[in-house]
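Asker: Here you go, sequence then predicted model.
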Amino acid sequence: MSSNLDHFRTTNANLTVNQKVKMIVKLQHIDTNCFYILSSTKSSIRKGVFVSPVETIKNRRDQRVIKTPNGEVKRFSRVYRNPNHKRRDAVHKKPDLSQHSLVKDPNLEQNKRSDSHGRTGKKRDSIENLSAGNGNALIDKVNRKCSTKWLSYGGCIPSILQALETVNDLDEALRPWEESLSNKEKSIILKEQTNWQRALEIFDWFKVKRFCELNVIHYNIMLRILGKARIWSLVEDLWDEMKTRRISPSNSTYGTLIDVYSKGGLTEEALVWLVRMKEQGMEPDEVTMGIVVQTYKKAGEFQKAEEFFKQWSFGKSLKDEGQTINGASKDPGSLSSYTYNTLIDTYGKSGQIKEASETFALMLREGISPNTVTFNTMIHICGNHGKLDEVASLIRKMEELRCPLDTRTYNILISLHAKHDNIKMAENYFKEMKSANLEPDSVSYRTLLYAFSIRHMVNDAESLVVEMDNNGLEIDEFTQSALTRMYIEAGMIDQSWRWFMRFHLEGKMSAQCYSANIDAYGEHGHILEAEKAFICCQQNKIFGVLEFNVMIKAYGISKKYDKACDLFDKMENYGVVPDKCSYNSLIQILATADLPHRAKSYVRKMRESDLVSDCVPYCALISSFVKLGQLESAEELFKEMIGFGVEPDIVVYGVLINAFADVGSVEKSTSYVNEMKIAGLPLNAVICSSLIKLYTKVGHLKEAEETYKLLRSFDEGPDVYSSNCMIDLYTKRAMFDKAEGIFEKLKQKGDANEFSYAMMLCMYKRMGRFEEAFGIAKEMRKLGLITELLSNNHVLGLYAMNGRCKEALEIFKEMIKSAIKPDDSTFKSLGVVLVKCGISKQAVGKLEVTRREDAQRGLHAWVSALSTIAGSDDADDDA
């Protein structure tokens, strides 16, 4: 069967042949005197012999610049010969590795031709002339040219890797060693390849050579390489090839497949390999178990991760679709620190701090030495749960076990203490990290900078920025926008603009970063700076819907409604199409500004653009019309919404029901309640409260009681407003026991408010139960619940009616002190007080006339008269 793998190999082989033919044709027209070829002491000087262009290339040596796998740049000496020199004067120089000189021909770059892997397609005769017998002859020279990692392998590996790096043709590159390669050497060669295509070429080369036998380890390496490259079709083909060649998969094979699929974002596919493993009757080893736990953890399925580990650890049956795999119980002491670290991290991410701590304690009991990763995980878990004492204990344990703190440890500590508002401790850990000769990384600076910025610690933040600049650390966009906001909130607008311009002029700001800066200015009302930042965004040819949306939002905050609409209308002129957020933002701005009629056109445009997926924009306008008292317009818009197939939600119904409840329209309110029930939407607490308000207003006791009963069945129970409405209904009907029952429940929950007490006071006063009324008044004064004019008048009227002049005068003084303006009811009660204290009705009448003619002068007259009474009362008390 023709597979993707076979197709790739055939295509690649054809391309290689074509590249060779093209290269030879092109090289015939190139001045070869200045080609840079690797120098070799084995080259001979040709004198008086015609040399073809290709042969000339083969006999020239240059200095190559090669990147090794670890990123180092390696330069190799070359021989440069002036094309004007005569051939007989030419001499070869031995490479001087102490001088890394490099001379480039100006036309060299355009003459170079590279293959798809980034390697030059030219052959090296220094490699080409090697045979199996002299393959190690270049080891000394190559050792000085390749990476430290390559050298660490020893033997012929550095020479082989160098050959593969510099020679495209595998037969030529591997000829000196092709019959002597061990399985371990083949594994190293494959693992060291940084390009999956090159690795596959080498793997295929091994297979076609009769003396290069491949085993499961080599297949595992290739599965990992192809999996990391996410070439899933080739992974499947390689798996099929293993079955065809009868190469049995190992624990490591399945672990590799689960790992690469999981890291490639294919969690379900990764776990399919676990199922296949079970079907084969194979139990995961510790490494594979750890990979499976990591896979579940990455998918957020912490419970499954825990269950899988427990089943594996205690030897229970792992069952899946009727398949059973039995394993022996695992000794906790036999587990590695990696497994413990994985489990602790899994428990931490699932919020199971107790289990994480128990696992850590078990690790210590079993004599497994925790490493820095273990402590970092535990510190992070404890810190995130606010257990800073445990964090301090863990740090002491690290010191006790001589486990070094690394940069990540300090970064976690800085973050935790900043999060818990201990900025001084966070700063101390930053200094301690440097004292420990650990270099703070970008995370260290970013974490501390953000902590400084939100606390407006400008000087500290600026010092840190200078340090980052000196260390060549790049400031990320999140930090940039955070510091812009810091300057703005600190009132340092000029500094904020200079900070913004620094990054704008570098030309590296993304659309998200511009948007964050515009938003920061807009949220704080600095519309001029927001506009300037928006213009800068346009200057850099960054036109995205996000930037327009935040600018529209900024205009809304600054109440520049015309500008908001104008910018929205011009979006398409810039090639930007408004999205759902654009419409919702502008509609909300106009609705909040009591401009629903203007917003209606944008709702219709939004619908025509097929961006109306819910009733949210309609709800904003209906609420705005209701707020303006334009209930007819609100109903028209509601009908329009229904007509276009947009389904109303419970919020829209609630707005309309409450609107008609306010005007006492039982018919309209109940009609919307019925519509809502037909739509399958149940009544909620908000709508029930609106209905109780309506029934209280129109005096429908039965309907109110039924609704209140429904309200009590909800988890949150009735709110204080609904309860007060019921108290009001009951007191008006002299149903005192029921009113008292609701009031007592409010008091027990601590929900009784000023209105609750005032209604009970009035009820007791009407019943003539003055002792209870005075008790309520006293309790109100004690709780500070006499703040409204109505409550003051109720209490004042109670004292006046019973001749308690002193308490009445105290209430009046408290009113004046609290700047509560008395009304006619207040002065009527005060008139009763004066008469009861011996002042004639005629005198009280004159005070009223004065107050009506001149409110301020009349108030002073009342205060003066009442003060006189209060003074005489005080004298009587002293006597």
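Answerer: Perfect, thanks for sending it.
Asker: From now on I want contacts and neighbour counts done on CA atoms only, so please keep to that.
Answerer: Noted.
Asker: what's around the residue nearest to S187 when sequence neighbours are not counted, how many residues?
Answerer: Leaving aside its sequence neighbours, S187 sits nearest to H218 (Cα to Cα, 6 or more residues apart in numbering; 5.8 Å). Neighbourhood size, H218 [other Cα atoms under 10 Å]: 18.
Asker: again with L394
Answerer: The local packing of L394 (other Cα under 10 Å) involves 17 other residues.
Asker: just to revisit the earlier point, how about the residue nearest to S187, secondary structure?
Answerer: helix (DSSP: H, G, I helix; E, B strand; the rest coil).
Asker: any idea how far I188 is from it?
Answerer: Applying Cα to Cα, to the nearest Å, the value for H218 to I188 is 9 Å.
Asker: residue closest to the middle of the protein?
Answerer: Among the residues of the chain, the one closest to the centroid is F478, at 11.6 Å (Cα atoms, centre = their mean).
Asker: and that residue, what does it touch?
Answerer: Contact analysis of F478 by Cα atoms under 8 Å, 6 or more residues apart in numbering lists C513.
Asker: Report the secondary structure element holding it.
Answerer: Here F478, judged by DSSP states H and E, is contained in helix 477-489.
Asker: what sits up against the helix or strand following that helix?
Answerer: Following helix 477-489 in sequence order, the next helix or strand is helix 493-506 (DSSP H and E). Identification of contacts with helix 493-506 by Cα under 8 Å, 6+ apart yields 480, 483-488, 509, 517, 529, 536.
Asker: just to revisit the earlier point, which positions in the helix holding F478 come out as buried?
Answerer: 477, 479-489 (16 or more other Cα atoms under 10 Å).
Asker: now swap in stretch 369-381 and tell me
Answerer: 370-381.
Asker: Out of the residues you listed, the closest to K560 would be?
Answerer: The nearest member of those to K560, counting by Cα to Cα, is H380 at 46.3 Å.
Asker: what's the distance between the closest one and A451?
Answerer: H380 is 17 Å from A451, by Cα to Cα.
Asker: same deal with G367?
Answerer: Counting by Cα to Cα, the gap from G367 to A451 is 39 Å.
Asker: between the two, who's got more neighbours?
Answerer: Neighbour count, other Cα under 10 Å: between G367 and A451, A451 has more, with 24 against 10.
Asker: tell me which element the more buried one is part of?
Answerer: helix 442-454.
Asker: Show me the contact partners of that helix.
Answerer: For helix 442-454, contacts defined as Cα under 8 Å, 6+ apart pick out 410-411, 414-415, 418-419, 423, 426-427, 430, 458, 460-461, 464, 468, 473-476, 479, 482-483, 485-486.
Asker: okay, the angle between the very next helix or strand once past that helix and helix 442-454?
Answerer: Later in the chain than helix 442-454, the nearest helix or strand by DSSP H and E is helix 458-470. Orientation check (axes from the mean of the first three to the mean of the last three Cα atoms, to 10 degrees): helix 458-470 against helix 442-454 gives 160 degrees.
Asker: Against which helices or strands is helix 458-470 packed?
Answerer: Applying 3 or more Cα pairs under 8 Å, 6 or more residues apart in numbering; DSSP states H and E, one finds that helix 458-470 makes contact with helix 442-454.
Asker: secondary structure element for Q162?
Answerer: helix 157-166.
Asker: Is the closest residue to P617 other than its chain neighbours within a helix or a strand, and which one?
Answerer: Distances taken as Cα to Cα, 6+ apart place N584 nearest to P617, at 6.0 Å, with adjacent residues excluded. Assessed by DSSP H and E, N584 sits inside helix 580-592.
Asker: Could you list the buried residues of that helix?
Answerer: For helix 580-592, by 16+ other Cα under 10 Å, it's 582-592.
Asker: Check stretch 647-661 too.
Answerer: 648, 650-661.
Asker: per-residue pLDDT, H420?
Answerer: The model reports H420 with a pLDDT of 91.
Asker: ok, for it, nearest residue in space, not its chain neighbours?
Answerer: Closest to H420 by Cα to Cα, 6+ apart is G386, at 7.8 Å.
Asker: How is the one you found assigned, secondary-structure-wise?
Answerer: In three-state terms, and counting by three-state DSSP, G386 is coil.
Asker: what does S791 give?
Answerer: Per three-state DSSP, S791 ends up helix.
Asker: number of nearby residues for the nearest residue to it once chain neighbours are set aside?
Answerer: Distances taken as Cα to Cα, 6+ apart put A758 closest to S791, at 5.9 Å, once the chain neighbours are dropped. A758 has 22 neighbours, counted by other Cα under 10 Å.
Asker: Please renumber the chain so that the first residue is 361 from this point on.
Answerer: Taking 361 as the first residue, the last one we looked at is A1118.
Asker: where's A1118 relative to E1139, distance?
Answerer: For A1118 relative to E1139 (Cα to Cα), the value is 11 Å.
Asker: just K509 next, same as before
Answerer: K509 sits 83 Å away from E1139, going by Cα to Cα.
Asker: try A1221
Answerer: Relative to E1139, A1221 is positioned 31 Å away (Cα to Cα).
Asker: more crowded one of the two?
Answerer: Taking other Cα under 10 Å, A1221 and E1139 do not tie; A1221 has more neighbours (17 against 14).
Asker: Shouldn't the more buried one be within a helix?
Answerer: Yes - counting by three-state DSSP, one finds A1221 located in a helix.
Asker: residues contacting L634?
Answerer: L634 neighbours (Cα under 8 Å, 6+ apart): 614, 618, 652.
Asker: Next, the first one: phi, psi?
Answerer: Which is Y614. phi -70, psi -40 (degrees, to the nearest 10).
Asker: give me the number of residues near it?
Answerer: Per other Cα under 10 Å, the neighbour tally for Y614 reads 23.
Asker: these two touch, right, it and M637?
Answerer: Yes - judged on Cα atoms under 8 Å, Y614 makes contact with M637 at a distance of 6.7 Å.
Asker: got the contact list for the nearest residue to H745 once chain neighbours are set aside?
Answerer: With sequence-adjacent residues excluded and distances taken as Cα to Cα, 6+ apart, H745 is closest to I713, at 8.0 Å. Counting by Cα under 8 Å, 6+ apart, I713 touches 707, 741-742, 745.
Asker: Now the strand or helix carrying L631: average pLDDT?
Answerer: Assigned by DSSP H and E, L631 falls within helix 627-639. Averaged across helix 627-639, pLDDT comes to 81.
Asker: cool, and stretch 1054-1067?
Answerer: 94.
Asker: Alpha carbons only: can I get that stretch in CSV?
Answerer: Extracted as CSV, the C-alpha positions of stretch 1054-1067 are listed here (Å, rounded to 0.1, in the frame of the first residue of the first chain):
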residue,chain,number,x,y,z
LEU,A,1054,-47.3,45.8,41.4
TYR,A,1055,-49.7,43.9,43.6
THR,A,1056,-48.9,46.1,46.6
LYS,A,1057,-49.5,49.2,44.5
VAL,A,1058,-52.9,48.1,43.4
GLY,A,1059,-53.8,46.2,46.6
HIS,A,1060,-54.0,42.7,45.2
LEU,A,1061,-53.3,40.7,48.4
LYS,A,1062,-54.0,37.2,47.1
GLU,A,1063,-51.7,37.5,44.1
ALA,A,1064,-49.0,39.1,46.3
GLU,A,1065,-49.2,36.3,48.8
GLU,A,1066,-48.9,33.6,46.0
THR,A,1067,-45.9,35.4,44.5
